[in-house]
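Peer 1: with the sequence up front, the predicted model follows.
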Amino acid sequence: MDRKPVIGVTPYRRKTEPFDLYVPEGIVKAVERLGGEVFLIDYDNIRLYELIGMIVQLDGVIFAGGVDVAPFYFGQDKSPACGEIDEKRDRVELNMFPLLRTRGIPILGICRGCQVINVAFGGTLIQDIPEKFGFSHRQDDANGKFFHDIDIKEGTNLYKIMGEKTLLTNSYHHQAVDELGEGLIANAWSKDGLIEGIEASEPGQFVLGVQWHPESTIDDDEHSMKVFGAFMDEVNFLMSIPCHHHD
């Protein structure tokens, strides 16, 4: 019996009362437009031993944006410029990766999610771009659509998805990928040399991280939906293989 793909999303925490967890509207819209349904991963309440039972019900996972990753997880002391962290979220997300990789479930990381992927693969992060380099990648206008160009490396999966060598993106981050994790390659850079995208270095599991927020511009830019389209294409392909199917 046909069913919709179930996409787990690690959500944001609301900054005001009731401080609940929510999935950004743009992610919900993108997934639903492409025939899927969103499952909110409640990292406040799920226990680590329950992750296996949850993940076997998912067809893909999106690691959304949010607060900073605790430097403890990439072997560093916390810099004064490092921002707010969420220990529950870090713990759940990073414990999900061995299970996701064992099952070969497609992974998409957005902003913080891109950074989480890198940390999960053993990489490190720049804790604060202004502190280290003296310039900012965080645009001031919260409703701004685009901020700077990125250069995409030919031959990468991201280049195949976008079909472009240059892309205009938004930018709301103060942290960035530093040393790449094992099994990952960089696929895009800003003009000042910061990594703007990562992906799996070998064919197999779909793993893609983008440092910008394509969910914010799905109605303004065809390339934004291409990110989600490639992810969902892989989800649907794996669902068509009997050994990956679950009811």
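Peer 2: Perfect, I can see it now. Residues are numbered from 1 along each chain as shown.
Peer 1: C-alpha only now, for contacts and for neighbours.
Peer 2: Noted.
Peer 1: how about E182: what's its closest non-neighbour residue?
Peer 2: Nearest non-adjacent residue to E182, counting by Cα to Cα, 6 or more residues apart in numbering: F121, 5.7 Å away.
Peer 1: what about that neighbour, distance to E222?
Peer 2: Per Cα to Cα, to the nearest Å, F121 is found 30 Å from E222.
Peer 1: the two - which one has more neighbours?
Peer 2: A side-by-side neighbour count of F121 and E222, using other Cα atoms under 10 Å, places F121 first with 18 against 12.
Peer 1: quick check: the gap between the more buried one and V207.
Peer 2: Noted for F121: a distance of 11 Å to V207, by Cα to Cα.
Peer 1: same thing with G104?
Peer 2: Distance from G104 to V207, counting by Cα to Cα: 9 Å.
Peer 1: show me which of these two is the more surrounded one.
Peer 2: Counted by other Cα under 10 Å, G104 and V207 do not tie: V207 has more neighbours, with 24 against 17.
Peer 1: tell me the contacts of the most centrally placed residue in the chain?
Peer 2: In the chain, the residue lying closest to the centroid (Cα atoms, centre = their mean) is G109, at 1.1 Å. Shown in contact with G109 (Cα atoms under 8 Å, 6 or more residues apart in numbering): 62-65, 115-117, 208-210.
Peer 1: quick one: low-confidence parts of the protein?
Peer 2: 1, 130, 132-147, 171, 173, 243-247 (pLDDT under 70).
Peer 1: so what's the residue count around F97?
Peer 2: Using other Cα under 10 Å, F97 has 17 other residues around it.
Peer 1: so it, which state does it fall into?
Peer 2: helix (DSSP: H, G, I helix; E, B strand; the rest coil).
Peer 1: residues near the closest residue to it other than its chain neighbours, how many?
Peer 2: Leaving aside its chain neighbours, F97 sits nearest to A120 (6.7 Å; criterion: Cα to Cα, 6+ apart). Neighbours of A120 under the rule other Cα under 10 Å: 19.
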